[in-house]
Structure formats: C-alpha cells, structure tokens
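Here's my sequence, what's the structure:
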Amino acid sequence: MDATVTGMSADRRAARRRCVAIAALAAAALGPIPAAAQSSGGAPAAGATPLHDASSAPRGLPVTAPTAAAPARAAPEASAPTLAIDPATAPAQALPEASVRVFNRTIVVLRAPLFGAPPSERATRAQRLIAETLAQRGPGRVSTETHPLGRVVRIDERFAFILQFVDVDRERGESVDDAVTAAVARLEEAIAASRESRDLAGLGWGLARVAAATALAALLVWTSGVALRAAARRLLQAADVSANRLRVGGLALLQRDRLSAAVRRALVTLRWALLVLIAYHWLSSVLLGFAYTRPWGEQLNGFLLGVLATLGLAALRALPDLLVAVAIFALAAATARAAGAFLARAARAGSIGWLDSDTLGPTRRLVTIGLWLFALAMAYPYLPGSDTDAFRGLSVLVGLMLSLGGSSLVGQAASGMVLMFTRTLRVGEYVRIDGNEGTIVGLGAFSTRIRTGMGEELSLPNAMVMSTVTRNYSRTVQGPGFVLSTDLTIGYDTPWRQVHAMLIEAARRTPGVLTDPPPRVVQTVLSDFYPEYRLICQAIPAAPSPRAEVMSALHANVQDVFNEYGVQIMSPHYLGDPDQPKVVPPSRRAPAPAHEPR
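Below is the predicted model:
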C-alpha cells in the first residue's frame, strides 16, 4: 500500500513539473500569465514565489512556486493535472500564418496558436525578444532544446521562440527537426548580417563593390553602344544589297526603306534589352553589397536564374519531342519532293491518262497539302506546348473559324478542282461564260480569270462558272486558234446563195482567218421578214487582243463586200402587204459573186 501511494505521488510530481515547465514557457513566449490561468492549469495561485526546485523548467525561463501559506504538497487523494497533448496529431486552428523576420530575413513561419496567442502575436513577440537579445551584442550563439510542445530556440541562453509540432508544413512532408535546422541556419545568418552592418570595414567593402559595379555597368553600356552602332552600319549595308538582289519577275521583293526601318527597330529593341539586363545586374550587385539589402539582391538573382533555369529545362525536356517533330516534317518534305518528281515524269510520259500538263500543277499541290496535313497530325503530339490548355483552345478556335467561315471557300475550291480535272476549261481557250467573252488566262482553285481583249480582265468565281452555261470557241477547232462567228439578217428578196458567197468572200479577205478549214455560212432561223445568216470561220491568233481585231476586220469586210455588190444590210419590217412579192426570180437565183449550182 505504501509503495502504491509512493508511486502515485511520484506521478503527480512529474505531472506538476511538466505543468510548471509549460507555464514557464508561456511566460517566456507570451509574457506573464494571469493568476486565474495559473490556477486553472494546476499551478499555484497569485502571490507565488520562485520554486525551490526549478530543475524541470527550461533554462533562462522564469519559474514560480507556491507561497508559504500554501501547502507544498497536494493531498494524496488529489490527482495532479496531466498534459494530454499528442504533438503528432494536435490540430492547428485555421489562423493566418505569420513569419518571424530578423534583419530583413525570414527565419521561420509560425502556423499555429500557442496558449491562445495567434501566430501573428507569437511572431511579433519573437522578433522583439530577438531584437532585445541582439541589442546586448553578445556572442550570438544559437542553441535549441527539446520541449513537450516542440523545439525551443535560444540566443545566448535567452529564449527566442518555440517551434511547435503543428507549426511545420505537413503538406510538403516537413519535420520539426528539418524546420528547426533551417531556422537556426537562417538565424545565424541574420546575426552575422547584423554584426556586419555595424562594422565600418564591411560598410566600406559594400561601397567599394557598388563603385565597381557602377563602373562595370557604365563600361558595358558604352561597349554595347559601340558594338551595336557598328553592327547597325553593316546590317543596313547588307539590307540594301539584299533588297536589290531579291527580285521576282523584275520587281523588288523587299522595299529598301522598309527593310532598313525593320533593321533599325530590331537594333533599338536589342539595345534596350541589353540596357535593362545591365541595369538588372547592377541593381542586384548593389543590393548584395550591404547586409540588410542582401536578401533582395539574392531574390533578384534567384528570380533571373530561376527563369533561365525554367526555360533551359523546358527546352531540354522538349528537345527529344522537337527532334521527332522535325524528323516527321523532314520526311514529309522529302516525300513531297519525290511525289512531285514522279508526277512530273508521269505527266511527260503520258502513262497516267488523267494526268497531263493541265492537271499536273493541281495534282502536285493536292498531294503536297495532303502529305503536310498528315505530317502535322503525326507531329502534333510532339510539338512543345501541345498538351497545354492554351494550345488546345487555339486549335479549337482555328477549327471553328474554318468550319464557320470556310464553307464558301471549300465550295469554290471543289468547283475549281472539278473544272481542272474534268478539263472543262483550259488556259488559252476562248470562251463565253454568263455573257462574258474572252480568253482564259488563269484557272485557279477559287476563280477563273479571262481577258476580253478590250482592256479588261474578269475574275469569275468557280462556283458561278460551274452553275452557268459555258461556250468554248477553242475546243472544236483544228489545231491552234479559235472560232469566229457573226450573225446578220437580210431580206427574202436577196438570193441566199449571193449572201453566202458574199459572207465567205468577206471571210477570205480578213487577215488571220484560215482557209483550211474553209469558212461556212448557215441559215439559223427563217423569221417572218428575213432569214438569219451566221458566218463561221477559224482564226489562227491565240492572243485575246488579235481576236478582237480580227472580229473588227471581218465586220468591216462584210460591209465592203455587200456594198460592192449593191446589197443593203437591212432587216425589213412590213406594216402591210408590199406591192410586189418579195421573192427571187429564177433569173436572179445566183447573182455575183454566187455561182449557179451544178
């Protein structure tokens, strides 16, 4: 029984010592604890004096003991309070975290309250205690001690702050030992920086570093200016030479003034970029020269190095995929060249029936476009950034724009392909499309261009060409050239043989009209008052302007021949019966230049 009572008394004494240590920690970290708080935690009431046995309290922390009137030992039946805290699972309240900053440096981040004090109050008190300790200009030795709530950090045996188990960042897998080690290292660095700021020699070295950095920055600015001016002269001379050499069809591809302006803008942009970079490094060097501003300089250098490292690592990670994409595009280019050469040989040999000089160009373009689209689809997963949402959104936007706005373009292109591959039209043919007459000078994917010979060039949409009647005057001719035709009406009292003979005579007199095949005349309509005659002949010129001239000469010769034989080119209209019938007597069936049929 006595042994049991003795064990219970030892447990109560140990629990009381733990409570006294926690109370002493609270007094050091948060200031004096009210009497009510001490009583509620099992500690003695107000009016207490220092404990005689302070072995359980941390070093340097104030400890209180009961007064003389209070009993020194609790009754055996009174149970001592216990500390029911599990450091590994104690939850932190949802309070804003606070940083303990010393001499412009972040020492530690506090995330949990301590005895009801929020992290911000703990950080403020820790900064004040550290400042008071450093003001005494002691040796600045940092030490740590294990406590039931975490790790206590001291400077010269004076309390600085406590890092609780719930203050660590568990999401990153941080432990208390790691956090304390890092905090001690940063605190020692801050103490060293505080001493350096009070050292005149260190301040002199900082000023010397600033002067050296300023002189170096000025030298770099002057050197870069000289180098850029020399580069500008050479680049402008090269731009002038390139602008004169790059010509297409005798026309300069690049304008000299615009190319020179672009070179100047590029050099100005490069100069400003160099100036900004030099100023950035100068500022970081100046900040690194002084103890208080050294963290800012380290942040500037860290930011620049971090950006460069991020870009470099991203480039290295993307390099294998980029090489695969380049290989795919190179293979597509080689395949397109080989396919183009094969199609050219097949067109010259005529081994493929539908492939000739007219369809070679469109076929080659279609094959090339198909190969490049296939290569793009294969290389798309290997392009840098293809897996990002921005790249996917851009792809969706381009597809939506093509689907909404490209329907008419697709229709025009399909019509152009039909016109090309069905050989409905060919370049150089003389046609009449929807009242527009001229020679085809261009047959593209979206439009057909014809030149009228009257100083006009018309561009007709392929969809319109497909939907209207096309008269081709060159397709049925024998050999080169085109068909000429003209219509006129003569009264019934003029012998038709004479009209035929005069029209053929006018065609023979016209330069450019072929005699083989010979011109011919057909009567297309027998109207109420006159028959309609059509002269059809073939002319050799293939250019559009001579055709207009040939047509004008033919009309002039028709008038001359009819005047020579006294035949009026008139279309009679009657309001009543004529005095004599408008018929040709047998004696006048074949007047000159006609001949009596045999």
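
quick one: what helix or strand has residue 555 in it?
Take DSSP states H and E as the rule and residue 555 turns out to sit in helix 544-564.

in that helix, what counts as buried?
Burial within helix 544-564, assessed by neighbour count using 16 or more other Cβ atoms under 10 Å, is assigned to 544, 546, 547, 548, 550, 551, 553, 554, 557, 558, 561, 562. Yep, even glycine has a C-beta here, placed from its N, CA and C like the rest.

Can I get it in CSV? Just the C-alpha atoms.
Coordinates of the C-alpha atoms in helix 544-564 are reproduced here as CSV (Å, rounded to 0.1, in the frame of the first residue of the first chain):
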residue,chain,number,x,y,z
PRO,A,544,-7.0,37.9,-126.9
SER,A,545,-6.3,41.3,-128.4
PRO,A,546,-5.8,40.0,-132.0
ARG,A,547,-9.2,38.2,-131.8
ALA,A,548,-10.9,41.5,-131.2
GLU,A,549,-9.0,43.0,-134.1
VAL,A,550,-9.9,40.0,-136.3
MET,A,551,-13.6,40.4,-135.5
SER,A,552,-13.4,44.1,-136.3
ALA,A,553,-11.7,43.4,-139.6
LEU,A,554,-14.2,40.7,-140.5
HIS,A,555,-17.2,43.1,-139.9
ALA,A,556,-15.5,45.8,-142.0
ASN,A,557,-15.0,43.3,-144.9
VAL,A,558,-18.6,42.2,-144.7
GLN,A,559,-19.8,45.7,-145.1
ASP,A,560,-17.3,46.3,-148.0
VAL,A,561,-18.4,43.2,-149.9
PHE,A,562,-22.1,43.9,-149.5
ASN,A,563,-21.6,47.4,-150.8
GLU,A,564,-19.6,46.2,-153.8
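
Relative to the whole chain's centre, how far out is it?
Helix 544-564 has its C-alpha centroid displaced from the chain centroid by 63 Å (Cα atoms, centre = their mean, to the nearest Å).

returning to that earlier point: TSV for the buried residues of helix 544-564, including pLDDT and distance to residue 239?
Rendered in TSV, the data for the buried residues of helix 544-564 read as follows (pLDDT from 0 to 100; distance: Cβ to Cβ, whole Å):
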residue	pLDDT	distance to residue 239
544	53	41
546	68	45
547	73	47
548	76	46
550	84	51
551	84	52
553	88	54
554	90	56
557	92	60
558	92	62
561	91	66
562	90	68
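
With distance to residue 526 added, can I get those residues in a markdown table?
Converted to a markdown table, these look like this (distance: Cβ to Cβ, whole Å):
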| residue | distance to residue 526 |
| --- | --- |
| 544 | 35 |
| 546 | 35 |
| 547 | 30 |
| 548 | 31 |
| 550 | 29 |
| 551 | 26 |
| 553 | 29 |
| 554 | 24 |
| 557 | 26 |
| 558 | 21 |
| 561 | 23 |
| 562 | 20 |
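
related to what we said a few turns ago, name the helices or strands packed onto the helix holding residue 555?
Using 3 or more Cβ pairs under 8 Å, 6 or more residues apart in numbering; DSSP states H and E as the contact criterion, the neighbours of helix 544-564 among helices and strands are strand 436-443, strand 482-489, helix 496-509, strand 531-539.

strand partners of the very next helix or strand once past the first one, parallel vs antiparallel please.
Tracing the chain past strand 436-443, the next element assigned as helix or strand by DSSP H and E is strand 447-451. According to DSSP bridges, the neighbouring strands of strand 447-451, each with its direction, are strand 436-443 (antiparallel), strand 457-461 (antiparallel).

So which of these is the most surrounded?
Per residue and on average, the most neighbours among the strands paired with strand 447-451 fall to strand 436-443, with a mean of 18 (mean count of other Cβ atoms under 10 Å).

Which residues does it contact?
416, 419-420, 425-431, 448-453, 456-458, 460, 542-544, 547 (Cβ atoms under 8 Å, 6 or more residues apart in numbering).

contacting residues around the residue lying closest to residue 300 once chain neighbours are set aside?
Residue nearest to residue 300 in three dimensions, not counting chain neighbours: residue 284, with 4.1 Å by Cβ to Cβ, 6 or more residues apart in numbering. Residue 284 makes contacts with 297, 300, 301, 304, as judged by Cβ under 8 Å, 6+ apart.

repeat that for 10 Å
Remark: with contacts taken as Cβ atoms under 10 Å, 6 or more residues apart in numbering, residue 284 is in contact with 213, 296, 297, 298, 299, 300, 301, 302, 303, 304.

Just give me the closest of the residues you listed to residue 487.
Nearest to residue 487, judged by Cβ to Cβ, of the contacts of residue 284 is residue 304 at 84.9 Å.

For stretch 148-162, measure first residue to last.
Between the start and the finish of stretch 148-162 there is a gap of 11 Å, counting by Cα to Cα, to the nearest Å.

Which residue ranges of the stretch 151-300 of the chain form strands?
Remark: strands assigned in the stretch 151-300 of the chain by DSSP state E, counting those that start in this stretch are 158-164, 247-248, 251-252.

who's in contact with residue 292?
With contact set as Cβ under 10 Å, 6+ apart, residue 292 has these partners: 103, 104, 105, 193, 194, 196, 197, 206.
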